[in-house]
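K.L.:
Sequence and predicted structure below; questions after.
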Amino acid sequence: MGFFLAPDPVTFTEHKECDLSLVTRRHKARTDCPSTDEFDWRLAVRRIFGQLECRFHLKMQIPLLVLASVGAYAAHAEDGSKRTLETICTLTSSLYVDAAMNGLDWGALCSRAEQRLESGTPLTVAANELLAELEVSHTRYFAPSDPALAILAAVYREAPNLKDALAQDDSMPLLRGAGFTTFDVGGSRFVDSILDGSPAQVAGLRIGDEIIDDGGAAFRAVLPTDPTAKAFETEIVIRRQESAAQQTLVTQVVSANALAVLSDATENSLRIVEHRGRRIGYMRGWTMLSRDDFGGPRIVLEHAISDGRLAEIDALVFDARGLVGGGGMDVLDRFFAPSNLSLSFMPRGSDWVEAPSMPDDTPLVIIIGDQTRSAAEIMAYIAKEHDLATLVGQKTAGAVVGGRLELLQNGGGLYIAVGRLRIEGAELEGVGVLPDIETDRVQPFGNGIDPAYERALELAAEI
């Protein structure tokens, strides 16, 4: 989860020269930060990628490389696994960024995957072992119940073609769960993160808890017509220490539009932490993508500044360990870029209204980790390279390419890398961004302690 590069316009204010390169299967474009009078990025990117909106802001523009397209999609189709694998092979061969398929004998690899399928290997395993041969992010098969499919569908629902396929409410996959994610250690599952305001948080689940039995509360994608899409109560069996007795937590399991779930959690995460005599603002971008119809980090910050919730803070901690990328640069651009412009608006019959702005000297600490992916990594890279923030946590995922979504006849989905990106000469795919201050990640039986969060608060109090 958390590996999606979304089609939002992003920009960054900066006064130095930059170098941006875009590479797709059929096109190349390059600019050394010309002015808007010299080069129309909006037109160029549209010609290359089709459906993408960009905007300008002073000197530096970073268009994210994303395409969303849909093949024939039937929510209740029951096509055989062999046909689905054939479709995956064909689409990947046609759309993958490197027409030479990284020098691989793609036909032979597909034949081998088909043989594994015939020998009893599940489709999800055979397909993703095949796609893993390409050694690139944003390239994966999602089974119909995969929660990532529900997230992608929500992010791209309004894309051309996809909008038609998912126009009916009963065809839109929902995200069902109590609101937590897990990581595996030695075959055991432990809680990695808990969405703010989620049923799991209300039930008292803690990060680091071992999940013995999730009772159906783990995230999954369901269609609205699925009987389990209705809210229900269940029990999660956990263990807090390796030698401790098991405990049972009662929680609600709910289903909703994935982007709405993550946007609500982002809003719920906003708080003021009084730490060592300092007022520290905190927000976690469970979705790094901001949209007017759902919300997101930029919108949450705008509202919080306007209504005074972030008044007189001494620093802001922005937690970029979310479940979906697609943004983050807009937060830097809007609130923390050098020479941030003061904006005012005067509607008819009213006085001048100042646009929400963060005080110029507000320190920013960004928490990163392997959950920080895609566009969020670009934000982390720019923040570090231009001294806009201090990064705390672990190295980011190194998953920064443009992806294309195809929905398949069996109700699953295929995500394919169709474009590469370099920012100021650096290609982050497979590399990631290192933190300025490294911490441990959440540990098994960690008693609810998040080392990166705790260190970020300490640093914010010291600045």
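P.N.:
Sure, I can see it.
K.L.:
Okay, helices next: where are they in the stretch 101-250 of the chain?
P.N.:
Counting by DSSP state H, counting those that start in this stretch, the segments of the stretch 101-250 of the chain that form helices are 106-118, 123-132, 147-155, 162-165, 199-203.
K.L.:
could those helices go into a markdown table alongside mean neighbour count, mean pLDDT and distance to Gly448?
P.N.:
(Each C-beta comes from the backbone N, C-alpha and C, glycine too.) What follows is the helices of the stretch 101-250 of the chain, written out as a markdown table (neighbours: other C-beta atoms under 10 Å; pLDDT from 0 to 100; distance: least, C-beta to C-beta, whole Å):
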| stretch | mean neighbour count | mean pLDDT | distance to Gly448 |
| --- | --- | --- | --- |
| helix 106-118 | 16 | 97 | 42 |
| helix 123-132 | 19 | 98 | 33 |
| helix 147-155 | 26 | 93 | 23 |
| helix 162-165 | 16 | 79 | 39 |
| helix 199-203 | 21 | 98 | 11 |
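K.L.:
what's the closest of those to Asp450?
P.N.:
helix 199-203 (13.3 Å; C-beta to C-beta).
K.L.:
Please save the CA atoms from that closest one in CSV.
P.N.:
The C-alpha trace of helix 199-203 is given here as CSV (Å, rounded to 0.1, in the frame of the first residue of the first chain):
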residue,chain,number,x,y,z
PRO,A,199,-12.6,2.0,14.7
ALA,A,200,-9.3,0.2,15.4
GLN,A,201,-8.0,3.2,17.3
VAL,A,202,-11.3,3.6,19.2
ALA,A,203,-11.1,-0.1,20.1
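K.L.:
ok, and for stretch 173-191, which residues are buried?
P.N.:
The neighbour-count check on stretch 173-191 (16 or more other C-beta atoms under 10 Å) flags 173-183, 189-191 as buried.
K.L.:
my bad, stretch 455-463
P.N.:
Arg455, Ala456, Leu457, Leu459, Ala460, Ala461.
K.L.:
Any idea how many residues pack against Phe232?
P.N.:
By the criterion of other C-beta atoms under 10 Å, Phe232 has 16 neighbours.
K.L.:
so it bridges to which residues?
P.N.:
Taking DSSP bridges as the rule, Phe232 bridges to Val253.
K.L.:
can you give me the offset of the lengthiest helix in the chain from its chain's centre?
P.N.:
Ranked by number of residues, the top helix in the chain under DSSP state H is helix 81-95. On the basis of C-alpha atoms, centre = their mean, to the nearest Å, helix 81-95 sits 25 Å off its chain's mean C-alpha point.
K.L.:
for stretch 217-227, same thing?
P.N.:
20 Å.
K.L.:
And the contacts of that stretch?
P.N.:
Applying C-beta atoms under 8 Å, 6 or more residues apart in numbering, the contact partners of stretch 217-227 are 1, 75-76, 144-150, 153, 169-178, 180-182, 199-200, 211, 228-229, 234, 236, 251, 253, 255.
K.L.:
now do 7 Å
P.N.:
75, 144-147, 149-150, 169-170, 172-178, 200, 228-229, 234, 236, 251, 253, 255 (C-beta atoms under 7 Å, 6 or more residues apart in numbering).
K.L.:
okay but Phe180 is in contact with Gly204, surely?
P.N.:
No - with contact defined as C-beta atoms under 7 Å, Phe180 does not count as touching Gly204 (11.6 Å).
K.L.:
Any chance of TSV for the buried residues of stretch 455-463, columns pLDDT, distance to Asp164 and secondary structure?
P.N.:
Shown next, in TSV, are the buried residues of stretch 455-463 (pLDDT from 0 to 100; distance: C-beta to C-beta, whole Å; DSSP: H, G, I helix; E, B strand; the rest coil):
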residue	pLDDT	distance to Asp164	secondary structure
Arg455	98	47	helix
Ala456	98	44	helix
Leu457	98	47	helix
Leu459	97	48	helix
Ala460	97	47	helix
Ala461	96	51	helix
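K.L.:
any idea of the mean pLDDT in stretch 390-405?
P.N.:
The average pLDDT for stretch 390-405 rounds to 94.
K.L.:
Numbering from 54 from now on, please.
P.N.:
With the count now opening at 54, the last piece we talked about shows up as stretch 443-458.
K.L.:
rewinding a little: out of the helices of the stretch 154-303 of the chain, which comes closest to Gly485?
P.N.:
It is, among those and with distance given as C-beta to C-beta, helix 176-185, at 18.1 Å.
K.L.:
Using PDB, write down the CA coordinates of the closest one.
P.N.:
Coordinates of each C-alpha in helix 176-185 appear next as PDB, following Å, rounded to 0.1, in the frame of the first residue of the first chain:
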ATOM      1  CA  LEU A 176      -3.000 -16.300 -10.300                       C
ATOM      2  CA  THR A 177      -1.900 -13.600  -7.900                       C
ATOM      3  CA  VAL A 178       1.400 -15.400  -7.200                       C
ATOM      4  CA  ALA A 179       2.100 -16.300 -10.800                       C
ATOM      5  CA  ALA A 180       1.300 -12.900 -12.200                       C
ATOM      6  CA  ASN A 181       3.300 -10.900  -9.600                       C
ATOM      7  CA  GLU A 182       6.300 -13.200  -9.800                       C
ATOM      8  CA  LEU A 183       6.200 -12.500 -13.600                       C
ATOM      9  CA  LEU A 184       5.900  -8.700 -13.100                       C
ATOM     10  CA  ALA A 185       8.600  -8.700 -10.500                       C
END
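K.L.:
That one to helix 134-148, inter-axis angle?
P.N.:
Per axes from the mean of the first three to the mean of the last three C-alpha atoms, to 10 degrees, the angle that helix 176-185 makes with helix 134-148 is 20 degrees.
K.L.:
ok, back up a step: turn the helices of the stretch 154-303 of the chain into CSV, including distance to Leu460.
P.N.:
Below are those laid out as CSV (distance: least, C-beta to C-beta, whole Å):
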stretch, distance to Leu460
helix 159-171, 20
helix 176-185, 15
helix 200-208, 8
helix 215-218, 6
helix 252-256, 29
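K.L.:
Thr143 is nearest to which of these?
P.N.:
helix 159-171 (8.8 Å).
K.L.:
which residues touch that closest one?
P.N.:
With C-beta under 7 Å, 6+ apart as the criterion, helix 159-171 contacts Ser134, Lys135, Leu138, Cys142, Ser146, Leu176, Ala179, Ala180, Glu182, Leu183, Glu186.
K.L.:
Select, out of the helices of the stretch 154-303 of the chain, the one closest to Ala442.
P.N.:
Of these, nearest to Ala442 by C-beta to C-beta is helix 200-208, at 25.2 Å.
K.L.:
helices or strands next to that closest one in the packing?
P.N.:
strand 227-230, strand 273-275, helix 311-322, strand 466-476 (3 or more C-beta pairs under 7 Å, 6 or more residues apart in numbering; DSSP states H and E).
K.L.:
ok, then the element right after the last one?
P.N.:
What that stands for is strand 466-476. strand 490-491 (DSSP states H and E).
K.L.:
count of neighbours near the nearest residue to Ala284 once chain neighbours are set aside?
P.N.:
Distance criterion C-beta to C-beta, 6 or more residues apart in numbering; nearest residue to Ala284, sequence neighbours excluded, is Val307 at 4.9 Å. The tally of other residues near Val307 (other C-beta under 10 Å) stands at 19.
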